[in-house]
Every structure is written in C-alpha cells, then in structure tokens.
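Asks: Got a predicted model here, sequence first, then my questions.
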Amino acid sequence: MRFLIQRVTEASVTVDGNVIGQIGKGFLVFIGVAEGDTVAMADKLVKKLIGLRIFEDENGKTNLSLSDVDGSLLLVSQFTLYADCKKGNRPSFIKAGEPKMAEEMYEYIISECKKQISHVETGEFGADMKVALLNDGPFTILLDSNELS
C-alpha cells in the first residue's frame, strides 16, 4: 500500500465538472492499493499519516501534525502509484489491487481517518477525476507499507 502525501494550502477533486471534495490547509493523499494489502497495513499507514509532523511551528520547524493545525484530509484513490515502468515505455499496472478489494480498502482507510480527523473529503473511486492543488513547500512524502517498520 502506498500513500503519496502532499502538504497543501488548498486542494479539490472534480468529477464531470462538479467539485466533489475540497479542503484548505491539510494533506492531499493519493492512495494506491496493491494485491495482498491488508487492514493491518492500512492501519499502520493511517497511524503514520495522522501522526506526521510536517507543519511548521512558531519557530519555522516542521514539528506540528495535522491535528495540531486543525488540518483537513482529501483522500483520492490512485492505482497508478503501482505503475511498473521497468520494461518499455508503457507502464504495467499488474501490481495494483483488484478493483473490488482496492475499493473496500480505500473505504476502510476513509472510515479510519474520519475517526481521527474532523474534516475528511474524498475523490470517487474509479472515476475520471481532475485534481487541483496548491502544494505548500512544496512538501511531498511517499509512505510505502513495505518500507515502514
């Protein structure tokens, strides 16, 4: 499982010309689910996501978490985080999770985040989404369940 986290001052998701999710200060999180991913992996990544201290404190140090700054989450499913570009120029997506399982995992992640963060917005699983953001920093972090202890 992979979370691509971008610290933003604003972000939105549009489907068919309609804004379906929008936040101010917080994290835009692209979520990739692979075959074999588990709820335990999701729990570990959600815990790390919520606890990340990447907002600046009064001294300019990245020392504050999402909760400390009353930040929001915009969660967007993105199977392309599992693009395999080893051979040729056309990516393969065979490592991405089967859609039904991936959607269930995405919905689980949303529900777990809502238990801890008051403002959580989402994209639409499987939709053709347009994502707009103003990356703050820029600050982008990749969390991979295979690389967390």
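Replies: Arrived safely, thanks for sending. Numbers count the residues shown, from 1 in each chain.
Asks: Skipping its backbone neighbours, what lies nearest T14 in space?
Replies: K130 (4.4 Å; Cβ to Cβ, 6 or more residues apart in numbering). Where you see a C-beta, it was placed from the backbone N, CA and C, and this is true even at glycine.
Asks: err, D128, not the other one
Replies: Leaving out its chain neighbours, the residue that sits closest to D128 by Cβ to Cβ, 6+ apart is V15, at 7.1 Å.
Asks: about what we covered before: go ahead and confirm the residue nearest to T14 touches N18.
Replies: No. When contacts are counted by Cβ atoms under 8 Å, K130 is not listed as touching N18 (10.3 Å).
Asks: more neighbours, the two?
Replies: Neighbours were counted for K130 and for N18 using other Cβ atoms under 10 Å; K130 has more, 13 against 7.
Asks: quick one: pLDDT of the more buried one?
Replies: Model confidence at K130, given as pLDDT, is 98.
Asks: For the helix or strand harbouring it, which outside residues touch it?
Replies: Secondary structure from DSSP states H and E places K130 in strand 129-144. The contact list for strand 129-144 (Cβ atoms under 8 Å, 6 or more residues apart in numbering) reads 1-15, 25, 28, 45, 48-49, 52, 54, 62, 76, 123.
Asks: Which ones among those residues map onto strands?
Replies: Using DSSP state E, the subset of those located in strands is 2-15, 28, 62, 76.
Asks: And the buried ones among those residues, selectable in PyMOL?
Replies: Of the ones in strands among the contacts of strand 129-144, the buried ones can be selected in PyMOL as follows, counting by 16 or more other Cβ atoms under 10 Å:
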select buried, resi 2+3+4+5+6+7+8+10+11+12+13+14+28+76
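Asks: right, and F30 touches L73 too?
Replies: No. With contact defined as Cβ under 8 Å, F30 and L73 do not form a contacting pair (11.8 Å).
Asks: Mind checking which of those two has more residues around it?
Replies: Using other Cβ under 10 Å, the more surrounded residue of F30 and L73 is L73, with 26 against 21.
Asks: What about the residue lying closest to that one once chain neighbours are set aside, how many residues nearby?
Replies: Excluding the flanking residues, the one nearest L73 by Cβ to Cβ, 6+ apart is V120, at 4.6 Å. Close neighbours of V120, defined as other Cβ under 10 Å, add up to 21.
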